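*Asks:* Sharing a model prediction with you, sequence too.
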Amino acid sequence: MEGVNNLENAEDLENAEGYRVQKLLSNYGHCSRRKAEELIEAGRVKVNNKVISLGDKATEQDKIFVDDKLIIKEKRVYVMFNKPVKCVTALRDRRYNTVMDFIKLKQRVFPIGRLDFNTSGLLLLTNDGDFANEVMHPSFEIKKTYLAGVDRPITKLDTEAIENGIYLDDGKTSPANVKLINERTMEITIHEGKNRIVRRMLKKLNFRIRFVHRVKIGGLALGELKTGEYKTLSESMKRRIFS
């Protein structure tokens, strides 16, 4: 009980003193916490008309400006999107379509994590920074399931290698689950967030990749959602992610 009370006292103290401004900007749905830190470091953020530094705090009663525009807390929204190939997981890009070209909402949202340019499937977006951090944080070990099509028959040695972990340039991958769909298509379930991890594993095994398509995050499945379409998540659908 003493530990719980200490935690509650710490939270009460933080509430009284305010929160780091990057956390508030993320919670307000303006941008991710990392992007907010970049804005602060660039001198583009003010609190009550005073330019702030990284680490400064504010309360929800303070007025926060980005590029002299007042930031208003938006209604929380959570989106699942079936990302097409040849689409960039970014807010904007000069050369290619981004995921934001498909999302038509009043609230501004940002992607949680990313999918490679040539990888399709389930992508989550939100304006809730705390939720995004929970989904991405390694401690939650949220599993992600992909369908991968390759150019040759998949052998038992291939599946065992993926399941046991493969040495890549940035270290050995964690054990994964592999299920054969047919001789050239497999379902791979992992919980790591390394960049392009599925493609890099398959390339290490000398496969030529036909497609990679994410079908599930945690217990939330893409289902019948068509390519390029999105839907907002209910509370019960949100909970599936952590199941």
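*Replies:* Everything's here; your move. Numbers count the residues shown, from 1 in each chain.

*Asks:* what's the lengthiest strand in the chain packed up against?
*Replies:* Longest strand of the chain, by residue count under DSSP state E: strand 209-217. Packing partners of strand 209-217 (3 or more C-beta pairs under 8 Å, 6 or more residues apart in numbering; DSSP states H and E): strand 120-126, strand 144-150, helix 197-204. Every C-beta, even on glycine, is put in place using the N, C-alpha and C of the backbone.

*Asks:* Show the average pLDDT along the second one.
*Replies:* This means strand 144-150. What strand 144-150 shows for mean pLDDT is 97.

*Asks:* Using PDB, write out every CA atom in that strand.
*Replies:* C-alpha atoms of strand 144-150 as PDB (Å, rounded to 0.1, in the frame of the first residue of the first chain):
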ATOM      1  CA  LYS A 144       2.000  -8.200 -35.000                       C
ATOM      2  CA  THR A 145       1.000 -10.800 -37.600                       C
ATOM      3  CA  TYR A 146       2.100 -10.600 -41.300                       C
ATOM      4  CA  LEU A 147       1.400 -12.700 -44.400                       C
ATOM      5  CA  ALA A 148       4.500 -13.000 -46.500                       C
ATOM      6  CA  GLY A 149       4.700 -14.400 -50.000                       C
ATOM      7  CA  VAL A 150       8.000 -15.600 -51.400                       C
END
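
*Asks:* Mind listing the strands it pairs with, and their directions?
*Replies:* Using DSSP bridges, the strands paired with strand 144-150 are strand 185-190 (antiparallel), strand 209-217 (antiparallel).

*Asks:* what about the residue nearest to Glu229 when sequence neighbours are not counted, how many neighbours?
*Replies:* Nearest non-adjacent residue to Glu229, counting by C-beta to C-beta, 6 or more residues apart in numbering: Asn82, 5.7 Å away. Using other C-beta atoms under 10 Å, Asn82 has 22 neighbouring residues.

*Asks:* distance between the one helix or strand Asn82 maps to and the chain's centre?
*Replies:* Using DSSP states H and E, Asn82 falls within strand 78-83. Centroid displacement of strand 78-83 relative to its chain, using C-alpha atoms, centre = their mean, to the nearest Å, is 11 Å.

*Asks:* So which other helices or strands are in contact with whichever helix or strand comes after that strand?
*Replies:* Following strand 78-83 in sequence order, the next helix or strand is strand 110-112 (DSSP H and E). The contact analysis (3+ C-beta pairs under 8 Å, 6+ apart) places strand 110-112 against strand 120-126, helix 129-136.

*Asks:* domain ranges for this protein?
*Replies:* Per the record, the chain has its domains at 2-70, 78-137+221-241, 143-217, by automatic domain parsing.

*Asks:* Against Ser243, how distant is Gly223?
*Replies:* Using C-beta to C-beta, to the nearest Å, Gly223 is found at 15 Å from Ser243.

*Asks:* swap that for Gly149, please
*Replies:* Counting by C-beta to C-beta, the gap from Gly149 to Ser243 is 28 Å.

*Asks:* the more surrounded of the two?
*Replies:* More crowded of Gly149 and Ser243, by other C-beta under 10 Å: Gly149, with 17 against 8.

*Asks:* Just give the closest residue to that one, not the sequence neighbours.
*Replies:* Spatially, and ignoring its direct neighbours in sequence, Gly149 is nearest to Arg210 (3.8 Å; C-beta to C-beta, 6+ apart).

*Asks:* which other helices and strands contact the helix or strand hosting Phe65?
*Replies:* Using DSSP H and E, Phe65 sits in strand 64-66. Judged by 3+ C-beta pairs under 8 Å, 6+ apart, strand 64-66 is in contact with helix 21-27, strand 45-47.

*Asks:* among these, which is nearest Tyr167?
*Replies:* Nearest of the helices and strands packed on strand 64-66 to Tyr167, taken as C-beta to C-beta: helix 21-27 at 35.2 Å.
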